[in-house]
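Novice: for reference, the sequence and a predicted model appear below.
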Amino acid sequence: MSFSQPKEDKEIEEALVRKFQGGDLEAYDKIAEIYQKKIYGLSFNLTRNQMDAQDVTQEVLLTLFRKISMFQGKSAFSSWVYRITLNASYMKLRSKKKEPNVSIDELMPSYNGAGFQQEKIQDWSENTESLMFTNETRDVINKAVDLLPEKEKVVFLLRDVEGLSTEKTGEILELTVPAVKSRLHRARLFLRKKLSNYFEEFSSRKAEK
Amino acid sequence: MICCKECLDLLYDYLEGELDQETTKSLDEHFEDCPPCISFLNTYKSTTALCRETLNQVEIPEAIRDNLLKVIKEQKENN
Ligand SMILES: [Zn+2]
């Protein structure tokens, strides 16, 4: 399920970075064009606020401009950009009052003594089509992601939403591959449970009609 | 037969195709006989797909895009 960056893109990007490091301002425009949607998307998904996402995007684009000489090419350029974006987004979040996180453990699957599932699990996967693009569904999904604890949320956003590989996510967050996997799995379990509550309630609502 | 917990703990690697053949086979067999786990597997996959699609819909509003262009332009001129 991972789409890592195609090799060609990476080479084009590295060439752009070298050109810009050599003083080519057009190369910078192209870099900004490639990255601004990613930077904005990630920071918006973290902060849920357009002004914050704008501030972060602006700050990151300016940092790329001013500090390009600091990029040494030890890791991928994109990893560097993502790291700057995360730091800037966290600065925004830290300046705000934080709502207490829910405990993720309460939403993990539950088993009986023999290790078999205790809950009744409804399969709503075939019934999401009609609900997919409603505002209500979008809200439920956004809220569920917001409720994820930060550690799990950032892994989920980089790996599942941005579509980065497990290895690359680990590189950006300075986490081992097993740590990335386990956080992502927990995030998915949490979200699955949240969405299940919604879709199951929806189907019982429909049945009552 | 392995239990549901073992299956769901390995679900991530199972979907990534990272389990050895034997373990994959024992999960396949469990899923054949366990409707709750099949439902779980299907909804786990749907969850990822739904969230990805929804969160990827973020677009930069026109006004913000214009602001960013302005900031970049100024920065280049002051350089
Ligand atoms: Zn089972």
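Specialist: Received it, and whenever you're ready, just let me know what you need.

Novice: the residue nearest the centre of chain B and A:Ala187, how far apart?
Specialist: By Cα atoms, centre = their mean, chain B has its centre lying nearest to B:Thr48, at 3.8 Å. Separation of B:Thr48 from A:Ala187 (Cβ to Cβ, to the nearest Å): 10 Å. C-beta here means a position set from N, CA and C on the backbone, and glycine is covered the same way.

Novice: and the residue of chain A nearest chain B?
Specialist: A:Gly115 (3.1 Å; Cβ to the nearest Cβ).

Novice: count of residues packed around B:Gln57?
Specialist: By other Cβ atoms under 10 Å in any protein chain shown, the residues close to B:Gln57 number 10.

Novice: can I assume it sits in a helix?
Specialist: No. Counting by DSSP: H, G, I helix; E, B strand; the rest coil, one finds B:Gln57 to be coil, located in no helix.

Novice: name the nearest residue to A:Gly41, ignoring sequence neighbours.
Specialist: B:Val58 (4.4 Å; Cβ to Cβ, 6 or more residues apart in numbering or on different chains).

Novice: quick one: least confident helix or strand in chain B?
Specialist: helix B:62-78 (a mean of 91; mean pLDDT, DSSP states H and E).

Novice: give the buried residues for that one.
Specialist: B:64-65, B:68, B:71-72, B:75 (16 or more other Cβ atoms under 10 Å in any protein chain shown).

Novice: re earlier: sec struct for the residue of chain A closest to chain B, please.
Specialist: A:Gly115 is classified as coil under three-state DSSP.

Novice: ok, now which ones touch it?
Specialist: Residues in contact with A:Gly115 (Cβ atoms under 8 Å, 6 or more residues apart in numbering or on different chains) are B:3-6.

Novice: just checking, which of those residues belong to helices?
Specialist: Per DSSP state H, helices hold the following members of these: B:4-6.

Novice: now the residues you listed in CSV, with distance to A:Tyr35 and neighbour count?
Specialist: Shown next, in CSV, are those (distance: Cβ to Cβ, whole Å; neighbours: other Cβ atoms under 10 Å in any protein chain shown):
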residue, distance to A:Tyr35, neighbour count
B:Cys4, 43, 22
B:Lys5, 42, 16
B:Glu6, 42, 16
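
Novice: out of these, who's near the ion?
Specialist: Restricting these to those near the ion by Cβ under 5 Å from the ion leaves B:Cys4.

Novice: mind checking how far whatever residue of chain A ends up closest to the ion is from B:Cys34?
Specialist: The ion sits closest to A:Gln117 of chain A, with a gap of 5.5 Å, by Cβ to the ion. Relative to B:Cys34, A:Gln117 is positioned 8 Å away (Cβ to Cβ).

Novice: distance of A:Leu25 relative to A:Glu59?
Specialist: A:Leu25 is 19 Å from A:Glu59, by Cβ to Cβ.

Novice: between these two, which is the more surrounded one?
Specialist: The residue with more neighbours, out of A:Leu25 and A:Glu59, is A:Glu59; 20 against 13, by other Cβ under 10 Å.

Novice: continuing past the helix or strand that the more buried one is a member of, what's the next helix or strand?
Specialist: Using DSSP states H and E, A:Glu59 sits within helix A:50-66. The element immediately downstream of helix A:50-66 (helix or strand, assigned by DSSP H and E) is helix A:77-94.

Novice: could you give me the average pLDDT of that next one?
Specialist: Mean pLDDT, helix A:77-94: 94.

Novice: keeping just the C-alphas, turn the helix or strand following that helix into PDB.
Specialist: Scanning forward in sequence from helix A:77-94 by DSSP H and E, the next helix or strand is helix A:135-147. Provided in PDB are the C-alpha atoms of helix A:135-147 (Å, rounded to 0.1, in the frame of the first residue of the first chain):
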ATOM      1  CA  ASN A 135     -20.200  16.300   4.600                       C
ATOM      2  CA  GLU A 136     -21.300  14.300   7.600                       C
ATOM      3  CA  THR A 137     -18.900  11.500   6.700                       C
ATOM      4  CA  ARG A 138     -16.100  13.900   6.000                       C
ATOM      5  CA  ASP A 139     -16.600  15.500   9.400                       C
ATOM      6  CA  VAL A 140     -16.700  12.100  11.200                       C
ATOM      7  CA  ILE A 141     -13.400  11.200   9.500                       C
ATOM      8  CA  ASN A 142     -11.700  14.500  10.200                       C
ATOM      9  CA  LYS A 143     -12.800  14.400  13.900                       C
ATOM     10  CA  ALA A 144     -11.600  10.800  14.300                       C
ATOM     11  CA  VAL A 145      -8.200  11.700  12.900                       C
ATOM     12  CA  ASP A 146      -8.100  14.700  15.200                       C
ATOM     13  CA  LEU A 147      -8.700  12.500  18.200                       C
END
